[in-house]
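Asks: Predicted structure and sequence below. I'll ask about it afterward.
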Amino acid sequence: MSIEVRHFLPAFFDESLEAVRAMQTGLRDARLEPLLHSARRLATASAAFGMPRVREVTRLIESLVRHTDAGGAMGIERRALLTSSLDCLADMLLAAQGERPMDARRIEAQVRRLQEALAPLAPAADGVRPAVRAGV
């Protein structure tokens, strides 16, 4: 018996937007564990529903949050980047749902900013930092 994914899409979008709101609340309140939990949930669901770009942005956000100290302290620039990334993620979901047009340039720019922020934080296996891959 074949199950059609389209029957589950409304629930996916509702839960995904709820996850983004939970991530925004976690960021605002400097509560990183709920933010990371929601990010993992969204990354998994978006992969299951064939939305690799949503998964990628979510994983980049999650990686950047993981590089924040345990007390949730982060600079203004990182907080601003995460805030704009979560807004972009919500817009991506609304666009996929058909609620607004997809802004591919904005998404590419946001991915690039996240990758650039993560590049100096990534561990180098042989002393060479990985290159930032823009627009992937």
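Replies: Done, it's in.

Asks: CA atoms for contacts and neighbours, from now on please.
Replies: Fine.

Asks: helices and strands around the strand or helix carrying Val111, which ones?
Replies: According to DSSP states H and E, Val111 maps onto helix 104-118. Packing partners of helix 104-118 (3 or more Cα pairs under 8 Å, 6 or more residues apart in numbering; DSSP states H and E): helix 52-66, helix 76-97.

Asks: Let me see the mean pLDDT of the first one.
Replies: It refers to helix 52-66. In this model, helix 52-66 has a mean pLDDT of 94.

Asks: got the angle between that helix and helix 76-97?
Replies: 160 degrees (axes from the mean of the first three to the mean of the last three Cα atoms, to 10 degrees).

Asks: coming back round to it: deepest in the core, which of the helices and strands packed on helix 104-118 is it.
Replies: helix 52-66 (a mean of 20; mean count of other Cα atoms under 10 Å).

Asks: Could you measure from Ala104 over to Met92?
Replies: According to Cα to Cα, to the nearest Å, Ala104 and Met92 sit 9 Å apart.

Asks: list the contacts for the most centrally placed residue in the chain?
Replies: Nearest residue to the geometric centre of the chain (Cα atoms, centre = their mean): Thr58, 2.1 Å. Thr58 makes contacts with Ala39, Arg40, Leu42, Ala43, Leu89, as judged by Cα atoms under 8 Å, 6 or more residues apart in numbering.

Asks: Of those residues, which pair is most distant in space?
Replies: Longest distance between any two of the contacts of Thr58 is 13.8 Å, between Arg40 and Leu89; criterion Cα to Cα.

Asks: Nearest to Gly26, out of the contacts of Thr58: which one, please.
Replies: The nearest one, if we look at the contacts of Thr58 relative to Gly26 and count by Cα to Cα, is Ala39, at 10.6 Å.

Asks: For the closest one, report the pLDDT, please.
Replies: 96.

Asks: Look up phi and psi at Met102.
Replies: phi -80, psi 130 (degrees, to the nearest 10).

Asks: From Ala47, how far out is the closest residue to it other than its chain neighbours?
Replies: Leaving aside its chain neighbours, Met102 sits nearest to Ala95 (5.1 Å; criterion: Cα to Cα, 6 or more residues apart in numbering). As defined by Cα to Cα, Ala95 lies at a distance of 17 Å from Ala47.
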